[in-house]
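Enquirer: Need coordinates for the following:
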Amino acid sequence: MIEKIKKIFRKKKFHIIKLIVVITAIYFIWHSDKIKQQANPQKYLEEKVKKLQKTVTIDKLKIQSLEVDLKKEKQNCIYEKEKTKIDAIFFDKNEYKSIECLNISHKKKLDNISESITAMNQLYLKDLEELENAVSNLEEINKITIKQRESPLL
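Expert: Residues are numbered from 1 along each chain as shown. Modelled structure (predicted):
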């Protein structure tokens, strides 16, 4: 019985130590940006500007891709409508019902793509604003650094 209690205590103690290590690691990972920023603000901002430039470029490309998808979907919609109308004329009058179904499905697809474009535009504008703020902060730090270099030592 005592051996079982010792084993349980050892296991719980081990789990508690693991938990403390994980929490500490998460804390340092979470605050690593703040630590980097305090250590060297200029380098931190330069890295942040580079990351934001990449993000903004990726956002632009995603928006362009979505716009191309939207154009393709519109063309598919027009093509499918015309094809179904022709089929209905030559084969079966019930095809007009499928035209309505096509219209609804294409409309949903078009709406989804339009919503995605709107969301990406908002994300792009947010990232662009962040980039502008980071660049202005970097410029201010550079000005301060230049002034400190130019001023004579007392």
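
Enquirer: In the protein, where is pLDDT below threshold?
Expert: 1-2, 4-14, 37, 86-102, 152-154 (pLDDT under 70).

Enquirer: As a check, name the ranges of all strands in it.
Expert: Counting by DSSP state E, no segments of the chain form strands.

Enquirer: longest single helix anywhere in the protein?
Expert: If you go by DSSP state H, the chain has its longest helix at helix 95-150.

Enquirer: buried residues in stretch 130-145?
Expert: E130, L131, A134, N137, L138, I141 (16 or more other C-beta atoms under 10 Å). Using the backbone N, CA and C atoms, a C-beta is placed for each residue, glycine as well.

Enquirer: D69 versus E80, what's the distance?
Expert: For E80, the distance to D69 equals 16 Å [C-beta to C-beta, to the nearest Å].

Enquirer: Repeat that for E139.
Expert: In terms of C-beta to C-beta, E139 sits 38 Å off from D69.

Enquirer: cool, I63 as well?
Expert: Going from I63 to D69 by C-beta to C-beta gives 11 Å.

Enquirer: try Q53
Expert: Separation of Q53 from D69 (C-beta to C-beta) stands at 25 Å.

Enquirer: Now I113: closest residue in space, sequence neighbours ignored.
Expert: Leaving aside its sequence neighbours, I113 sits nearest to L70 (C-beta to C-beta, 6 or more residues apart in numbering; 4.6 Å).

Enquirer: how about that neighbour, what does it touch?
Expert: Contact partners of L70, counting by C-beta atoms under 8 Å, 6 or more residues apart in numbering, are L110, I113, S114, I117.

Enquirer: which among these end up buried?
Expert: Listed as buried from the contacts of L70 are L110, I113, I117; burial here means 16+ other C-beta under 10 Å.

Enquirer: Surely the second one and K72 touch.
Expert: No. Judged on C-beta atoms under 8 Å, I113 makes no contact with K72 at a distance of 9.4 Å.

Enquirer: That'll do, ta.
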